[in-house]
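Asker: Provided below are the primary sequence and the corresponding predicted coordinates.
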Amino acid sequence: MATSAPHALRTPFLRNPSLSLSSKPTLSSVFPVSLSSRRRAAPRLVVVLSAARLDAKPTVLVAEKLGEAGLDLLKEFANVDCSYNLSPEELCTKISLCDALIVRSGTKVSREVFESSGGRLKVVGRAGVGIDNVDLGAATEFGCLVVNAPTANTVAAAEHGIALLTAMARNVAQADASVKAGKWQRNKYVGVSLVGKTLAVMGFGKVGSEVARRAKGLGMHVIAHDPYAPADRARAIGVELVSFDEALASADFISLHMPLTPATSKVLNDETFAKMKKGVRIVNVARGGVIDEDALVRALDGGIVAQAALDVFTVEPPPQGNTLVLHERVTATPHLGASTMEAQEGVAVEIAEAVVGALKGELAATAQLPLQVLTELKPYVVLAEKLGRLAVQLVAGGSGVKTVKVSYASARAPDDLDTRLLRAMITKGLIEPISDVFVNLVNADFTAKQRGLRITEERTVLDGSPESPLDSIQVQIANVESKFASAISESGEITVEGRVKDGVPHLTKVGSFEVDVSLEGSIILCRQVDQPGMIGTVGSILGEENVNVSFMSVGRIAPRKQAVMAIGVDDQPSKPALKRIGDVPAIEEFVFLKL
Ligand SMILES: NC(=O)C1=CN([C@@H]2O[C@H](COP(=O)(O)OP(=O)(O)OC[C@H]3O[C@@H](n4cnc5c(N)ncnc54)[C@H](O)[C@@H]3O)[C@@H](O)[C@H]2O)C=CC1
Ligand SMILES: O=C(O)C(=O)COP(=O)(O)O
């Protein structure tokens, strides 16, 4: 049966993977060949491989319900195994036979899944936006791409946000339950009006801006907080971008639309609830983890929060008897934001296209950079990503992260340094901490373009030995404000610069200040009046808080004037520890940055 497939044998499969779509596989479902083994085969080896292996389709495991149109698309290219409701153990067992896995929010794609795949799993497709259920660190380590479907459920999520907002304001769910229980409590369920009220949209991305547009239609005054969103996009729909504290202080309603990241985890907590107007109402269709749920119960009971409408929870489904879910003034839905017929069909097609594209791109991408280049650039790759991560965490607001300039200083001739990988890693560092996007060499330029991020590159050719590929990399973000004003250079951009020293990436410049701190663990940057004893003061605060300091360095303009101190720390200091640092009189500003 698989003996004669001459057209397939002649197909230059490895040079043009898309041609594999039209070949007619034979033994594929019996023994699909893994992408990694295909990749390793040199083109001239193709003729000596068996036809069965050549023709084999990849296998895609669909672990949660996916729309038919998406399944049909997948089936044109792959063997599709739809196995829903697998236990974590069953998923780990099945995964070693799969090249791609498609999930929604109900499946945890943990490190164990990647470990169990034995290197065969090459693509994880998230049929939706949030990829917080995928262990991205493990995916990177195991060379697995993670793709999502970023657009098809935007409107559905926004409509659900509006549904919760209006239902909450008029007690629809509570009143419905009461009528069904045979009661007629017209006085108990008097609601509040939306017209003229202030809605703060937290996270002004795709869903947030659609919620804002719809809320304007309801006659609400809409403000938004999003440090990375362009002010002109907000202005275009009549929304003012404000600071986090201003949003909390002025909102009658708060609607959450940011991704779950280390920076947004439990961003609504005891401290931030205390900054809100008494009687505020909260809608969450983003992620449960952005709210400290125990603190929300306290805020509801303490009269700060009048009502909450929640589609998402820290643990899904929430445990039986959960106080928050059972709270009388809480309206809860079981993560239904994306669950419309239309959105699910759209998401299925979007993810199927992304997974097929990634499976094909996997083959093509490997040809892009020679191994020698990859090996040589390895420490610079780490440096590039960390500089991107640092730079974006320094952004406080402005016209959005749109214009980034990368400068490479190198003694190599311009045509002797391939910067694609470095640019991709800087893009990864800039985008991943603030979004639900997994960036890699294949999708970096496209992802940047999609988000309106313009990255320009500049080369400075240095004298000297071209032995090492690079002397330094500088990343600058233009037209933004910084939460650490000293990070703005004289030319007005957030500026960070780094070098590789003894194989270890170092941060060597922040704004106009020279520093030297290895980019391991995390970093605290402090601007202070240059005076003796500062290193000791801050060092002892961290010591008392049991935070291990790995590195400290001070860069100053001139003796006894301003200085920037960069402190490398192994662990995240507690809030009180950071407050103690901020309270040191000579410290004018400081920021904690996660790498
Ligand atoms: N309940 C559901 O079924 C659904 C939930 N979602 C969730 O909604 C959220 C938003 O999705 P999209 O709008 O598609 O994503 P998006 O990436 O278009 O928008 C997110 C926005 O949040 C901003 N942001 C990042 N960090 C922030 C911070 N610290 N403070 C304020 N803003 C910050 C980003 O700059 C971006 O503009 C995600 O968490 C996603 O997982 C999305 C679809 C359905
Ligand atoms: O797209 C998202 O981020 C969602 O939260 C939707 O989740 P779901 O696909 O409905 O499990």
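Answerer: Noted; the coordinates are in hand. Numbering: from 1, shown residues only. Ligands and ions are numbered 1, 2, ... in the order given.
Asker: all strands of the stretch 451-595 of the chain, in order?
Answerer: All strands of the stretch 451-595 of the chain, identified by DSSP state E, counting those that start in this stretch, fall at 454-461, 472-477, 480-482, 494-501, 504-510, 513-518, 522-529, 549-556, 562-569, 587-593.
Asker: mean pLDDT lowest for which of those strands?
Answerer: When these are compared on mean pLDDT, strand 549-556 scores lowest, with a mean of 84.
Asker: helices or strands up against that strand?
Answerer: Under the contact definition 3 or more Cβ pairs under 8 Å, 6 or more residues apart in numbering; DSSP states H and E, strand 549-556 sits against strand 513-518, helix 534-544, strand 562-569. Every C-beta, even on glycine, is put in place using the N, C-alpha and C of the backbone.
Asker: Looking at those, which one is packed in the most?
Answerer: Across the helices and strands packed on strand 549-556, averaging neighbours per residue (mean count of other Cβ atoms under 10 Å) puts strand 562-569 on top, at a mean of 23.
Asker: For it, which outside residues touch it?
Answerer: Contact with strand 562-569 is made by 486, 507, 510-511, 513, 515-530, 534-535, 538-539, 542, 547-557, 588, as judged by Cβ atoms under 8 Å, 6 or more residues apart in numbering.
Asker: how about 7 Å then?
Answerer: Residues external to strand 562-569 that are found in contact with it (Cβ atoms under 7 Å, 6 or more residues apart in numbering): 486, 507, 510, 513, 515, 517-518, 520-530, 534-535, 538, 542, 547-556.
Asker: Now list the buried members of the residues you listed.
Answerer: Among the contacts of strand 562-569, those buried by neighbour count (16 or more other Cβ atoms under 10 Å) are 486, 507, 510, 513, 515, 517-518, 520-528, 530, 534, 538, 542, 547, 549, 551-556.
Asker: Low-confidence ranges, the chain, go.
Answerer: Applying pLDDT under 70 to the chain flags the ranges 1-55, 362-371, 373, 557-560.
Asker: Name the residues of it found near ligand 1, please.
Answerer: In this structure, the chain approaches ligand 1 at residues 129-130, 153-154, 157, 202-208, 225-229, 257-261, 263-264, 285-287, 311-312, 335, 337-338, 434-436, judged by Cβ under 6 Å from any ligand atom.
Asker: what's the burial count for residue 235?
Answerer: 11 (other Cβ atoms under 10 Å).
Asker: let me redo that: residue 443
Answerer: So residue 443, with other Cβ under 10 Å, has 23 neighbours.
Asker: Ok, residue 386 next?
Answerer: 25.
Asker: With respect to residue 270, which of the helices and strands packed on strand 549-556 lies nearest?
Answerer: Set against residue 270 and scored by Cβ to Cβ, those come closest in helix 534-544, at 22.9 Å.
Asker: The protein against ligand 2: which residues are in contact?
Answerer: Looking at ligand 2, the residues of the chain close enough under Cβ under 6 Å from any ligand atom are 104-106, 127-130, 153, 335, 337-339.
Asker: Next one: the closest residue to residue 118 other than its chain neighbours from residue 338, what distance?
Answerer: Counting by Cβ to Cβ, 6 or more residues apart in numbering, the nearest residue to residue 118 once its immediate chain neighbours are dropped is residue 96, at 4.9 Å. According to Cβ to Cβ, to the nearest Å, residue 96 stands 30 Å off from residue 338.
Asker: Comparing these two, which residue is more hemmed in?
Answerer: Set side by side, residue 96 and residue 338 show more neighbours around residue 338, with 26 against 13, by other Cβ under 10 Å.
Asker: helix, strand or coil for that one?
Answerer: Classification of residue 338 by DSSP: H, G, I helix; E, B strand; the rest coil places it in coil.
Asker: Is residue 553 bridged to anything, and to what?
Answerer: residue 566 (DSSP bridges).
Asker: That one touches residue 517, doesn't it?
Answerer: Yes - using Cβ atoms under 7 Å, residue 553 makes contact with residue 517 at a distance of 5.1 Å.
Asker: Provide a list of residues in contact with residue 285.
Answerer: Applying Cβ under 7 Å, 6+ apart, the residues near residue 285 are 157, 160-161, 164, 311-312, 337.
Asker: which among the residues you listed gets closest to ligand 1?
Answerer: Taking Cβ to the nearest ligand atom as the measure, ligand 1 lies nearest residue 337 of the contacts of residue 285, at 2.4 Å.
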